[in-house]
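Colleague: sequence and predicted structure, then a few things I'm wondering about:
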Amino acid sequence: MPIMSMCYSNLSFPHNGKPGDGGELRMFFKKKGEEKETEVDIPPLIDTMVVFFSDERVPHEVLPTKVPRFTITHWFYDEEEKKRAMETLQHETQDDLAIEEERIRQEIDKFEKEHGQTADVTATPIISQTTQ
């Protein structure tokens, strides 16, 4: 049962996230026994922290942004999930990372062309191990 925390730190975010800038966290909720989903959008405002289950219980996505957005994200795993994540990491190959980096590079190029701003992201899986 992974838990995710997101903390927005948009010190340079124009107008601290004016409507239309994008980058909102969209969460989808269903009431028991109902078919219709309710969408909840959380704007990326400075000093906002969101903590939620990041599995099938709370489907979510981040909406496209038109301006830079800065978020600190952390996933909390129980022992079983951590073991699965470590096994997955051990099976990843350099090719997998190269494919993901190329996909990210294409998204960055598209963003830069549309908005005239630069960005740089490298796909690097990081799983820290702590001793108890």
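Modeller: Structure's in. What do you need?

Colleague: specify the residue positioned farthest from the middle of the chain.
Modeller: Residue farthest from the centre of the chain, counting by CA atoms, centre = their mean, is residue 33 at 29.0 Å.

Colleague: so that residue lies in a helix, does it not?
Modeller: No: assigned with DSSP: H, G, I helix; E, B strand; the rest coil, residue 33 falls outside any helix and is coil.

Colleague: what residues are up against it?
Modeller: Not one residue lies near residue 33 by CB atoms under 8 Å, 6 or more residues apart in numbering. Every C-beta, even on glycine, is put in place using the N, C-alpha and C of the backbone.

Colleague: start the count at 329 instead of 1 going forward.
Modeller: All set: I'll call the first residue 329, so the last point we hit is now residue 361.

Colleague: over to it: give its phi and psi.
Modeller: Dihedral pair for residue 361: phi 80, psi 0, per degrees, to the nearest 10.

Colleague: tell me the pLDDT at it?
Modeller: Confidence at residue 361, expressed as pLDDT, is 84.

Colleague: do residue 451 as well
Modeller: The model's pLDDT for residue 451 equals 50.

Colleague: also residue 383?
Modeller: pLDDT at residue 383 comes out at 82.
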